[in-house]
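# No letters, just coordinates:
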């Protein structure tokens, strides 16, 4: 199985409900063709360098996928046909990149409070 990085820009004017529908349809399309979504991150709304479809801003999404190369044309077809996707790119990651590197990192905040009481005890 190959690892892929996908980025797409979505129309910022659509609502949360339509955004959720787009992401769920994208996930089901990837699963249908034998792939797996490792993670999809919402990067937020950013200004574009130039207007796309008369829009000065766009909502960026960055995703990581695992699957066969045969699923990529179907993903690109899906993104091309969706009217809310303004631009997209899918690239194959280097073979040295591991799936574990792409998984979401656990929250660091859970370990920090445990370190604070030790500092108080040492001061006494």
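Sure thing, it's come through. Note that the coordinates shown come from a computational prediction; the quantities given were computed from them, not determined experimentally.

# Could you list the buried residues of stretch 8-23?
By 16 or more other C-beta atoms under 10 Å, the buried positions in stretch 8-23 come out as 8-12, 19, 22-23. Quick note: C-beta positions are derived from backbone N, CA and C, even for glycine.

# Make JSON lines from these and add secondary structure and distance to residue 77 to it.
Converted to JSON lines, the buried residues of stretch 8-23 look like this (DSSP: H, G, I helix; E, B strand; the rest coil; distance: C-beta to C-beta, whole Å):
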{"residue": "8", "secondary structure": "strand", "distance to residue 77": "13"}
{"residue": "9", "secondary structure": "strand", "distance to residue 77": "17"}
{"residue": "10", "secondary structure": "strand", "distance to residue 77": "17"}
{"residue": "11", "secondary structure": "coil", "distance to residue 77": "19"}
{"residue": "12", "secondary structure": "coil", "distance to residue 77": "23"}
{"residue": "19", "secondary structure": "helix", "distance to residue 77": "20"}
{"residue": "22", "secondary structure": "helix", "distance to residue 77": "15"}
{"residue": "23", "secondary structure": "helix", "distance to residue 77": "17"}
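
# from these, which is closest to residue 94?
residue 8 (21.1 Å; C-beta to C-beta).

# State the helix or strand in which the nearest residue to that closest one once chain neighbours are set aside lies.
In space, and not counting its chain neighbours, residue 8 is closest to residue 88: 3.8 Å by C-beta to C-beta, 6 or more residues apart in numbering. Element membership of residue 88, judged by DSSP states H and E, is strand 85-92.

# After the host helix or strand of residue 21, which helix or strand is next?
Using DSSP H and E, residue 21 sits in helix 16-32. Sequence order places strand 36-52 as the next helix or strand after helix 16-32, per DSSP H and E.
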